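Peer 1: Quick one: sequence plus predicted model below, questions after.
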Amino acid sequence: MSDALPRHSEDAEDPAPATDSPSTVAAVDLGSNSFHLIVAQFAGARLMVVDRLKDMVRLAAGLDEHNHLGEEVMERALATLSRFGQRLQDIPSGNIRVVGTNTLRKARNGDEFVARAREALGHDIEIISGREEARLIYLGVSHALEDNLDRRLVIDIGGGSTELILGRQFQPERMESLFMGCVGMSQEFFGSGEITPAAMKAAELAARQELEPVEESFREHGWDSAIGASGTILSVFDVVTSAGWSNEVITADALKTLKRRVVDAGHVDALDLPGMPKQRAAVFPGGVAVLSALFKSLGIERMQVS
């Protein structure tokens, strides 16, 4: 979910000077790959973004085989939250919502981390369900689109989960949160950094198996447009358009070309694709595998990006 927020640099910046009015609101997203902070102000009936911070914490990468968060990743996350807390200090608590997603749902020592995170941030943290995560993603995307009656398929590939939502206008009709994401998939199949054809095939197969229980239902309902909203999908879009493989949307053919180029690189350290931030290289192969599986399982030919 974290990657559904407005785009910004891959690293958190120093907190901006606080000049917040009572109409200022803020949201903090503790995602499995990135932590996001967004600050906005009401201008009449409109909400205008005034500040965005993002840090690639990679919380999901800190889970061990027993689903315990390691101290190193917790310290990295707490440092980010301390910076976020400085930016939030002049905003009323009632105007702030802080949510944690898949990794904090899974972590056995999540309560310990949340207690420390609350102290670092200075605000309460709500661990939301996969369905609530999907609902919020859909609403965020809908607010960024023209208000038409088309049925939309909205997809968000996070670090630890992938959300699929069908809906019209601001009303989600079908929501699913699946246990696959760019961090988890990259750790499992490309953990050494090596990218082989066999590993890519296995990663894509694992993602298709995760999709199997919902595939038929989504295809039966159908949709008028497919929309992607996450850091993985935005990065794929930037690469395929920068390379000239596609224009304005991600096409199935462009995605196939990208997948071949990723495998040809042979190692995450050798990934040098136009439009792909270097900070994303370690989790990019897993994200490409998940997106390829989504295109194949759901029969997607074109995907817009929000």
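Peer 2: Received, thanks. Residues are numbered from 1 along each chain as shown.
Peer 1: who touches Ser217 in this structure?
Peer 2: Residues near Ser217 by Cβ atoms under 8 Å, 6 or more residues apart in numbering: Arg174. C-betas here are computed from N, CA, C, even on glycine.
Peer 1: same question but for Met48, I mixed them up
Peer 2: Applying Cβ under 8 Å, 6+ apart to Met48 gives the contacts 40-42.
Peer 1: can you do 6 Å?
Peer 2: Residues in contact with Met48 (Cβ atoms under 6 Å, 6 or more residues apart in numbering) are Gln41.
Peer 1: What's the separation between it and Ala40?
Peer 2: Distance, Met48 to Ala40, using Cβ to Cβ, to the nearest Å: 6 Å.
Peer 1: repeat for Leu104
Peer 2: Where Ala40 is concerned, Leu104 sits at a distance of 24 Å (Cβ to Cβ).
Peer 1: Show me where the stretch 51-200 of the chain has its strands.
Peer 2: Assigned by DSSP state E, counting those that start in this stretch, the strands in the stretch 51-200 of the chain fall at 96-100, 126-127, 151-157, 162-168, 171-178.
Peer 1: Looking at those strands, spot the one closest to Ser246.
Peer 2: When the strands of the stretch 51-200 of the chain are compared by Cβ to Cβ, strand 151-157 sits nearest Ser246, at 16.8 Å.
Peer 1: And stretch 160-179, end to end?
Peer 2: End-to-end distance of stretch 160-179: 7 Å, with Cα to Cα, to the nearest Å as the criterion.
Peer 1: buried residues in it?
Peer 2: Using 16 or more other Cβ atoms under 10 Å as the test for burial, stretch 160-179 gives 160-167, 172, 175-178.
Peer 1: What of stretch 224-233?
Peer 2: Buried residues in stretch 224-233, counted by 16+ other Cβ under 10 Å: 226-233.
Peer 1: Let's have these in CSV, adding pLDDT and secondary structure.
Peer 2: Below are the buried residues of stretch 224-233 laid out as CSV (pLDDT from 0 to 100; DSSP: H, G, I helix; E, B strand; the rest coil):
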residue, pLDDT, secondary structure
Ala226, 97, strand
Ile227, 97, strand
Gly228, 97, strand
Ala229, 93, coil
Ser230, 90, coil
Gly231, 91, helix
Thr232, 95, helix
Ile233, 97, helix
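Peer 1: Quick check: the farthest pair among the residues you listed?
Peer 2: Maximum distance among the buried residues of stretch 224-233 (Cβ to Cβ): 17.5 Å, for Ala226 and Gly231.
Peer 1: Could I get the full set of helices for the stretch 1-150 of the chain?
Peer 2: Remark: helices assigned in the stretch 1-150 of the chain by DSSP state H, counting those that start in this stretch are 71-88, 102-106, 110-121, 130-143.
Peer 1: wait, what's in contact with Gly266?
Peer 2: Gly266 sits in contact with Ile195, where contact means Cβ under 6 Å, 6+ apart.
Peer 1: can you do 8 Å?
Peer 2: Applying Cβ under 8 Å, 6+ apart, we find Gly266 in contact with 194-196.
Peer 1: Now list the buried members of those.
Peer 2: The neighbour-count criterion (16+ other Cβ under 10 Å) marks Ile195 among the contacts of Gly266 as buried.
Peer 1: List the ones among the contacts of Gly266 that fall in helices.
Peer 2: Using DSSP state H, no member of the contacts of Gly266 sits in helices.
Peer 1: just the contacts of Gly266 now: which is nearest Arg83?
Peer 2: Using Cβ to Cβ, Ile195 is the member of these that lies nearest Arg83, at 33.1 Å.
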